[in-house]
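S.K.: Dropping a prediction and its sequence here:
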Amino acid sequence: MKTWIIRILLTLIILIGLTIGALNMLAGTSNAHKQGLESAFSGALKGQTTFGVLNAFNVFPQFSVDIEDLYTTNAMGQGDIKAKNVKFSFNFFDLLLKRHQIGGLDITDLEIEKGIYTNQTFFASLIKIFPTKDDNQSHMSITGHYGILPLSITIDMKQIGTPPELSFRFDKENKFSLEMGRTKVSGFFTPGTKTNTALQNLVISRDGTNCKSLPSTNRFTMQSFTSQIFSEIVTSETDKDNLETLCANITKYSL
């Protein structure tokens, strides 16, 4: 019996070794790898994508990509997307087991023309996941501009594992904060809901004063938040409306 167990284990080890070898052959930075990834990005972004340089592409033990000068034309038939540098990674077995976890994310100088996902041009000088450090919770940070307004967003994430084998994922409920111009929004990001990823219990403030017309218990879809609510903030900041006018306009988009 022990002999059969040993044979089975040896067979599994050989198969795993061959699989890892085949996966490593898939990795690389050749022109063929570059064209394959460009095709994959084209499909994901629904446009024609090209890279300036493919710095790195690995499959095992981490699926990781490092790209310079990403450029997608006519994304979703609406406009162009470009980024100076795009880096991301996933644990191979997280992908294999379909866990909603990411190993790392670092994007610089991302520009998405208006009409693709939002009603204004979105520019992010940095999108990055930061691990837990001292008393600071692990989080995703976005800094840049929405239209002409400066924008910063922070969303807490759950950190899994220990350095250097870290992964991150959104929990059922995650604190987030946003600043656009003088307007601040805080609340909870709750992915995976039946209401198209809801944002809950938002608090909207300006110059240290919270709005009163928005109920303390509230919910918004991500789509309404990134289109209608962002647009309402831009209009309010441009027209210099008072805070209560802004909150009254935002409340009508709640679920």
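M.R.: That came through, no problem. Residues are numbered from 1 along each chain as shown.
S.K.: Name all residues that make contact with the residue nearest to residue 79 when sequence neighbours are not counted.
M.R.: Spatially, and ignoring its direct neighbours in sequence, residue 79 is nearest to residue 113 (3.2 Å; C-beta to C-beta, 6 or more residues apart in numbering). Backbone N, C-alpha and C define where each C-beta goes, glycine included. Residues counted as contacts of residue 113 (C-beta atoms under 8 Å, 6 or more residues apart in numbering) are 78, 79, 80, 81, 121.
S.K.: Look at residue 223 and tell me its secondary structure.
M.R.: Assigned state for residue 223: helix (three-state reduction, DSSP: H, G, I helix; E, B strand; the rest coil).
S.K.: these two touch, right, it and residue 195?
M.R.: No: between residue 223 and residue 195 there is no contact under C-beta atoms under 8 Å: 10.0 Å.
S.K.: Look up how far residue 65 lies from the residue nearest to residue 79.
M.R.: Relative to residue 65, residue 113 is positioned 23 Å away (C-beta to C-beta, to the nearest Å).
S.K.: out of the contacts of residue 113, who has the most neighbours?
M.R.: Within the contacts of residue 113, residue 81 tops the neighbour count with 23 neighbours, counted by other C-beta atoms under 10 Å.
S.K.: Just say helix, strand or coil for the closest residue to residue 251 other than its chain neighbours.
M.R.: Leaving aside its chain neighbours, residue 251 sits nearest to residue 214 (5.3 Å; criterion: C-beta to C-beta, 6+ apart). Under three-state DSSP, residue 214 falls in the coil class.
S.K.: what number of residues lie near residue 214?
M.R.: 20.
S.K.: quick one: contacts for it?
M.R.: Counted by C-beta under 8 Å, 6+ apart, residue 214 has contacts 202, 203, 204, 247, 250, 251, 254.
S.K.: can you put those residues in CSV and add secondary structure?
M.R.: Output for these, formatted as CSV (three-state DSSP):
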residue, secondary structure
202, strand
203, strand
204, strand
247, helix
250, helix
251, helix
254, coil
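S.K.: just to revisit the earlier point, give me the local confidence score for the residue nearest to residue 251.
M.R.: The per-residue pLDDT reported for residue 214 equals 88.
S.K.: Stretch 204-222: end-to-end distance?
M.R.: In stretch 204-222, first residue to last residue: 16 Å (C-alpha to C-alpha, to the nearest Å).
S.K.: Return the distance of that stretch from the chain's centre.
M.R.: Relative to its parent chain, stretch 204-222 has a centroid offset of 24 Å by C-alpha atoms, centre = their mean, to the nearest Å.
S.K.: Quick check: residue 38 vs residue 223, distance?
M.R.: Counting by C-beta to C-beta, the separation of residue 38 from residue 223 is 28 Å.
S.K.: Those two: which is more packed in?
M.R.: residue 38 (19 against 13).
S.K.: which residues touch the more buried one?
M.R.: Residue 38 neighbours (C-beta under 8 Å, 6+ apart): 49, 50, 51.
S.K.: Could you check how far the first one is from residue 147?
M.R.: Distance, residue 49 to residue 147, by C-beta to C-beta: 25 Å.
S.K.: same question, the second one
M.R.: Remark: distance between residue 50 and residue 147 (C-beta to C-beta) = 27 Å.
S.K.: neighbour-wise, which of the two wins?
M.R.: residue 147 (20 against 14).
S.K.: Let's see the pLDDT reported for that one.
M.R.: Per the predicted model, pLDDT is 89 at residue 147.
S.K.: which one is it nearest to, not counting chain neighbours?
M.R.: Spatial nearest neighbour of residue 147, excluding adjacent residues (C-beta to C-beta, 6+ apart): residue 120 at 3.5 Å.
S.K.: What pLDDT does the model give the one you found?
M.R.: 88.
S.K.: same thing with the one 3 residues further on?
M.R.: Per-residue confidence (pLDDT) for residue 123: 94.
S.K.: Could you export the contacts of residue 214 as JSON lines, including neighbour count and distance to residue 57?
M.R.: What follows is the contacts of residue 214, written out as JSON lines (neighbours: other C-beta atoms under 10 Å; distance: C-beta to C-beta, whole Å):
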{"residue": "202", "neighbour count": "25", "distance to residue 57": "40"}
{"residue": "203", "neighbour count": "14", "distance to residue 57": "42"}
{"residue": "204", "neighbour count": "23", "distance to residue 57": "42"}
{"residue": "247", "neighbour count": "21", "distance to residue 57": "47"}
{"residue": "250", "neighbour count": "24", "distance to residue 57": "43"}
{"residue": "251", "neighbour count": "16", "distance to residue 57": "47"}
{"residue": "254", "neighbour count": "16", "distance to residue 57": "43"}
